[in-house]
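Peer 1: Dropping the sequence and predicted coords here.
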Amino acid sequence: MTIDKSLKIKTGSSSNRNVLTRVERLANLQENNRWSEGDSVYGLPKVRVQKLTLKKKKKAKKEEEEEGTTEAE
């Protein structure tokens, strides 16, 4: 039996998560020195979610670098 096209998950189209798990929040708070080992895990302060954005590389700049290496040779 096959999976319907609408139910398939594409790896390239994964969106940013807007909620962190408790473990992820604790790790983030420890990095910022806002939580230590003995503190309670209940009532944690809010943690901002970092959104990752990938910048597209410019083709023209890459082509110029390739031309510069061939001229130097």
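Peer 2: Okay, I see it.

Peer 1: how close does the residue nearest the centre of the chain sit to Ile3?
Peer 2: Closest residue to the average C-alpha location of the chain: Leu52 at 4.2 Å, with C-alpha atoms, centre = their mean. From Leu52 over to Ile3 the distance is 28 Å, taken as C-beta to C-beta, to the nearest Å. For glycine as for every other residue, the C-beta is placed from the backbone atoms N, C-alpha and C.

Peer 1: again, but for Val19
Peer 2: The gap separating Val19 from Ile3 is 26 Å, by C-beta to C-beta.

Peer 1: Is Ala27 within a helix or a strand, and which one?
Peer 2: Using DSSP states H and E, Ala27 sits in helix 22-31.

Peer 1: List the buried residues of that helix.
Peer 2: Arg25, Leu26, Asn28, Leu29 (16 or more other C-beta atoms under 10 Å).

Peer 1: now do stretch 42-61
Peer 2: For stretch 42-61, using 16+ other C-beta under 10 Å, the buried residues are Leu44, Val47.

Peer 1: going forward can the numbers begin at 46, since that is how I track them
Peer 2: Right, with 46 as the first residue, what we last looked at is stretch 87-106.

Peer 1: How far away from the center of its chain is it?
Peer 2: Distance of stretch 87-106 from the chain centroid (C-alpha atoms, centre = their mean, to the nearest Å) equals 6 Å.

Peer 1: Quick one: residues in contact with that stretch.
Peer 2: Asn61, Arg62, Asn63, Val64, Leu65, Arg67, Arg70, Leu71, Asn73, Leu74, Arg79, Trp80 (C-beta atoms under 8 Å, 6 or more residues apart in numbering).

Peer 1: Could you rerun that using 6 Å?
Peer 2: Asn61, Asn63, Arg70, Asn73 (C-beta atoms under 6 Å, 6 or more residues apart in numbering).
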